[in-house]
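**Student:** here you go, sequence then predicted model.
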Amino acid sequence: VRNPPGISDNLQQQLIGTIGDLDRHRQSFVDNPELATRIAAYELAFRMQTAVPEVMDIRHEPQSVQDRYGAVPGQPKFANNCLLARRLIERGVRFVQLHDWGWDFHGTNPSEDIRDGLIKKCSESDRAVSALITDLKQRGMLDETLVIWSGEFGRTPFREGRTAKSKILGRDHHPHCFTMFMAGGGLKPGISIGASDPLGFDVAEGKVNFHDLQATILHQLGLDHEKLTYRYSGRDYRLTDVEGEVLKSIIA
């Protein structure tokens with residue numbers, strides 16, 4: 001929120017302090033949890049207003065670090081977000097989620113060509129994500145930070161029928177066989193679980209159910225997924241849908 005014309009930063013802080021005092025005075029005799037939550041939200045917003053601009057400015061990073069990520073300040077690049085993620089984690093942010101668009105390689109137009117477009121996207125992602133993991137490790141934060149890299153599904157090992165006569169190669173959505181990786185956060189490094197059949201059409205061995213994955217992630221965050229069970233409308237619910245086993249074989 002920008003200051004109204006004529007109100008300095010110092011005056012704005014005084015006004016916020018006065019409003020906070022009034023809110024806390026009110027809370028002292030009404031003891032309303034919603035008011036307490038609102039006070040906490042406003043105070044968090046003010047702290048973010050003063051701290052976030054510096055955190056978001058990746059120009060403070062050495063050029064060698066920006067180059068390692070492939071980051072370019074001021075441009076909408078996934079590499080910039082990976083570098084920003086490290087800066088946020090350094091400052092105590094507990095959860096950081098990054099999205100990277102443009103992976104839908106159906107082959108219906110030149111920008112969705114799996115021959116050239118996918119190679120370009122992978123090279124950009126590999127560079128930025130590997131730089132993030134390396135950065136976290138060098139700074140002693142990787143052992144306490146769980147990095148999860150995944151898409152929402154895989155791609156078929158064969159081209160789409162609607163593009164059969166096209167020179168552009170593409171693939172359709174495929175939820176039955178795909179890969180993700182995790183790094184740090186108390187997991188064993190350099191191991192893999194599962195394998196596909198020769199075509200990559202289905203899982204041939206070591207299939208991991210997404211409930212098992214969720215249970216393992218929660219475990220590494222210090223949460224027992226079985227203790228997050230609650231009853232609603234006559235049945236039990238939890239984040240792993242009353243399923244899931246922790247994958248102990250990947251835990252260091």
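**Tutor:** Nice, I can see it.
**Student:** break down this protein into its helices, ranges please.
**Tutor:** 9-30, 33-56, 63-69, 78-90, 117-138, 210-220 (DSSP state H).
**Student:** hey, which of those is tucked in deepest?
**Tutor:** Of all the helices of the chain, helix 78-90 has the most neighbours on average by mean count of other C-beta atoms under 10 Å, namely a mean of 20. C-beta: built from backbone N, CA, C; applies to glycine.
**Student:** identify the residues contacting residue 230.
**Tutor:** 236-238 (C-beta atoms under 8 Å, 6 or more residues apart in numbering).
**Student:** which among these count as buried?
**Tutor:** Buried subset of the contacts of residue 230 (neighbour count, 16 or more other C-beta atoms under 10 Å): residue 238.
**Student:** and the contacts of residue 230 as CSV, adding pLDDT and distance to residue 102?
**Tutor:** Output for these, formatted as CSV (pLDDT from 0 to 100; distance: C-beta to C-beta, whole Å):
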residue, pLDDT, distance to residue 102
236, 87, 40
237, 88, 35
238, 87, 34
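**Student:** in TSV, list the helices of the chain along with mean pLDDT.
**Tutor:** As requested, the helices of the chain are exported to TSV (pLDDT from 0 to 100):
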stretch	mean pLDDT
helix 9-30	70
helix 33-56	83
helix 63-69	96
helix 78-90	96
helix 117-138	94
helix 210-220	94
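**Student:** now those helices as TSV including distance to residue 185?
**Tutor:** Shown next, in TSV, are the helices of the chain (distance: least, C-beta to C-beta, whole Å):
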stretch	distance to residue 185
helix 9-30	37
helix 33-56	22
helix 63-69	21
helix 78-90	12
helix 117-138	10
helix 210-220	5
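**Student:** residue 181: how many residues sit nearby?
**Tutor:** Number of residues near residue 181 (other C-beta atoms under 10 Å) recorded here: 12.
**Student:** hang on, residue 188 packs against residue 250?
**Tutor:** Yes. Assessed by C-beta atoms under 8 Å, residue 188 is found in contact with residue 250 at 5.5 Å.
**Student:** ok, these two, which is more surrounded?
**Tutor:** residue 250 (17 against 9).
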